[in-house]
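S.K.: any chance you can model this:
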Amino acid sequence: MARDTGIGRVTWTVMLVVGLSVAVACSRTPPEQRLRGQLSAMQQALEERRAADFMDGVAEDFAGNRGMDRAALQQAVRAQVLVNADIGLTLGPAQVELQGDRATVRFSAVASGGSGRWVPDRVQAWEIVSGWREEDGQWRLYYAEWTPK
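M.R.: Predicted coordinates:
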């Protein structure tokens, strides 16, 4: 029987580590898919009236219409959750333009809210241009501009 010098085990271990690394790299979700997932998660958080979960997707240096910062956006989201027992948010098809760890997403949105009865008390349509960046593996909204439709 041949004596085991350990070289075979080292080679096998290196091949296993390289193989696992390649498998992990190949199985990683593509950036656009993760961004669309984040957008969907934020939509769901609003519809479920979970303001804090929505704000988890917003960058600390957020900037929006008329100088709105993150704190003002947070107050606006909280106000909508308090005023509306029912919140609906329908997003149109999103056009995603990736630029490395940043992205621009354009989409339309129809927001509805009210007392939770069959017909919403309020409905508003918007065109939205948003800026996103990847921070620690998560897409965060850092800019948004919305215009009534």
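S.K.: going forward, measure contacts between C-alpha atoms and count neighbours the same way
M.R.: Fine.
S.K.: tell me the contacts of the residue nearest the centre of the chain?
M.R.: The centroid of the chain falls nearest to residue 38 when counting by CA atoms, centre = their mean (2.1 Å). Taking CA atoms under 8 Å, 6 or more residues apart in numbering, we find residue 38 in contact with 57, 138-139.
S.K.: now the strands for this structure?
M.R.: Under the criterion DSSP state E, the chain contains strands at 58-63, 86-91, 95-99, 102-114, 122-135, 138-148.
S.K.: how about the ones you listed in TSV, adding distance to residue 75 and mean pLDDT?
M.R.: Converted to TSV, those look like this (distance: least, CA to CA, whole Å; pLDDT from 0 to 100):
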stretch	distance to residue 75	mean pLDDT
strand 58-63	13	98
strand 86-91	16	94
strand 95-99	28	98
strand 102-114	17	95
strand 122-135	19	95
strand 138-148	16	97
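S.K.: so which of these gets nearest residue 29?
M.R.: Residue 29 lies closest to strand 138-148 among those, at 11.6 Å (CA to CA).
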